[in-house]
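[1] What would the 3D arrangement of this be:
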Amino acid sequence: MKKETQKFIVLGILFIFPIVIYLFFASGKNNFAKLPVLTTNVLDLKSFTHIGDKEVKLDGYITVLCYWGSDLNIKKGDAFNLNQKIYKRFYQFKDFQFVALITNDQQDQVSLLKQELSMGAGTDLVNWKFMRGSTLAIKNHFNSLKTSLSLDSKHSTPYVFIIDRNTNLRGRDDDEDIGTMFGYNAQSVAEINNKMEDDVKVILAEYRLALKKYSVR
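    Below is the predicted model:
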């Protein structure tokens, strides 16, 4: 009799547990945390030229946007941190890209930076996009983010930004350290690991849920 009771308990767990898990996640769909929109209608990239052979745009893509200005050499540390911690993990996600805005005189430095980034693990840099333009174009584009941050004398910043598929700036409006978090400091491995990686996961998960929602009729 005892064995029969144990048998029913085991069977009950096997059947009921998956249902409980399903209901838990199903009930949480409406409470799914989204990454806040901080600025709408970020400028497009029409004032820039892609150092490559294809059109690059923000609309329709999830973009990590970098302003690296007129001295690409001093951004190697930023690029390495981002490549190791974010790009390698997520670059195969459809419509995900990294875009770096640089001045026209930095074109020759791009190939050198790419060589260094691809060394070792042999990362496929297909979704690293470098766009060249004037200092005024970089300034105007940065200003369209409407942040409390600023560019330095080389028209660059260590902060990088998440732009969604609708050209909106995403970030945190209640960060425990600084309140409104417009961008992520690429010089800080801790900030990339503890905050940026989590936020990229959130926006990609948000996109996946949207795809599932509209693919099921």
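[2] Can you give me the domain assignment for this structure?
    Domain assignment for the chain by automatic domain parsing gives 2-30, 37-215.
[3] lowest-confidence stretch among those?
    Mean pLDDT values for those show the minimum at domain 2-30, a mean of 49.
[4] if we can go back for a sec, now, of the domains of the chain, which is deepest in the fold?
    domain 37-215 (a mean of 17; mean count of other C-beta atoms under 10 Å). (Each C-beta comes from the backbone N, C-alpha and C, glycine too.)
[5] Need the CA coordinates for stretch 78-85. PDB is fine.
    This file holds the C-alpha atoms of stretch 78-85, laid out as PDB (Å, rounded to 0.1, in the frame of the first residue of the first chain):
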ATOM      1  CA  ASP A  78      37.000  50.300 -24.700                       C
ATOM      2  CA  ALA A  79      36.700  48.300 -27.900                       C
ATOM      3  CA  PHE A  80      38.300  45.200 -26.300                       C
ATOM      4  CA  ASN A  81      36.100  45.400 -23.200                       C
ATOM      5  CA  LEU A  82      32.900  45.600 -25.300                       C
ATOM      6  CA  ASN A  83      34.100  42.900 -27.700                       C
ATOM      7  CA  GLN A  84      34.900  40.400 -25.000                       C
ATOM      8  CA  LYS A  85      31.900  41.100 -22.700                       C
END
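[6] Now do the SS call for the closest residue to Asn104 other than its chain neighbours.
    Nearest in space to Asn104, with sequence neighbours left out and distances taken as C-beta to C-beta, 6 or more residues apart in numbering, is Arg132 at 5.0 Å. Classification of Arg132 using DSSP: H, G, I helix; E, B strand; the rest coil returns strand.
[7] hey, where'd the helices end up in the chain?
    Using DSSP state H, the helices of the chain run over residues 2-28, 76-82, 88-90, 107-118, 135-143, 189-191, 197-215.
[8] contact partners of the fifth one?
    Residues outside helix 135-143 that contact it (C-beta atoms under 8 Å, 6 or more residues apart in numbering): 42-43, 45, 47-48, 67, 69-70, 101-103, 151, 155, 157.
[9] unless I'm mixing things up, Phe182 is touching Leu169, no?
    Yes. Applying C-beta atoms under 8 Å as the test, Phe182 and Leu169 come out as touching, 6.8 Å apart.
[10] I'd say Gly133 and Ser47 touch.
    Yes. In this structure Gly133 lies within contact range of Ser47 using C-beta under 8 Å: 5.4 Å.
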